[in-house]
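*Asks:* Quick one, what's the 3D model for this:
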Amino acid sequence: MARWDPGAEQRLRRAALELYLERGYDNVTVTHIAERAGLTRRSYFRYFPDKREVLFAGAERLPPALAEAVLTADPNAAPLTAALDALARVGAQVVEHVDGATERRAVIDASPELQERERTKTAAITEAIRDALMRRQVNTGTAELVAQLATVAFNNAFRRWIEAKGHASFGSCLDAVTDELRAALTGT
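*Replies:* Reported below is the predicted structural model:
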């Protein structure tokens, strides 16, 4: 077998998701995943540090992408508008590269360990948005609040996009969540 097998990473992701759905996250080992993908355990660790990260690979690119999008948003935009515009741009790109989102969500929802990892990812997103807003000269308290609201909106929009199963764009899901958020804040 070649040292770097073309398509190995994608096969590992697919194998992991299949096994997690079939057996439950806690009942699957790295060896199971590697075998299902037709690879060795050692090959698995060339791509992922542990069995959780196969579901979160690439997530580390999201916070910097969001920060950059906030920084390049209209300089005259209000903080929440700048953050939501950034989320719409980056979110539209993210959903183009997501495979098995419904299944992945089901696996995460069924595992406290994966839910914790998801919260860590969410915290990194919030921090990146907050820091970008502060670089835009938004005061710390407002930047923190806006980042938290924006992250909640992003997570809700992503969940709606998953539930829509391709029948709605990420942008329309984010718009719906934003409208609900504004209505809740204004009482309309």
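
*Asks:* Now residue 130: closest residue in space that isn't a chain neighbour?
*Replies:* Nearest non-adjacent residue to residue 130, counting by CB to CB, 6 or more residues apart in numbering: residue 147, 3.8 Å away. From N, CA and C alone the C-beta is placed, and that goes for glycine too.

*Asks:* cool, and residue 121?
*Replies:* Closest to residue 121 by CB to CB, 6+ apart is residue 59, at 5.0 Å.

*Asks:* Kindly report the same for residue 77.
*Replies:* residue 85 (6.6 Å).

*Asks:* Is the one you found within a helix or a strand, and which one?
*Replies:* helix 79-96 (DSSP states H and E).

*Asks:* Distance of the nearest residue to residue 82 once chain neighbours are set aside relative to residue 130?
*Replies:* Nearest non-adjacent residue to residue 82, counting by CB to CB, 6+ apart: residue 73, 3.8 Å away. Distance of residue 73 to residue 130, computed by CB to CB, to the nearest Å: 14 Å.

*Asks:* between those two, who's got more neighbours?
*Replies:* residue 130 (24 against 20; other CB atoms under 10 Å).

*Asks:* What separation is there between the more buried one and residue 21?
*Replies:* According to CB to CB, residue 130 stands 35 Å off from residue 21.

*Asks:* Mind pulling up the pLDDT for residue 1?
*Replies:* Note on residue 1: pLDDT of 45.

*Asks:* returning to that earlier point: residues contacting the residue nearest to residue 82?
*Replies:* 81, 82, 83, 85, 86 (CB atoms under 8 Å, 6 or more residues apart in numbering).

*Asks:* let's see it at 6 Å
*Replies:* Listed by CB atoms under 6 Å, 6 or more residues apart in numbering, the contact partners of residue 73 are 82, 85, 86.

*Asks:* Please report how far the last one lies from residue 50.
*Replies:* From residue 86 across to residue 50, the span is 30 Å (CB to CB).

*Asks:* Low-confidence ranges, this protein, go.
*Replies:* For the chain, the stretches with pLDDT under 70 are 1-5.
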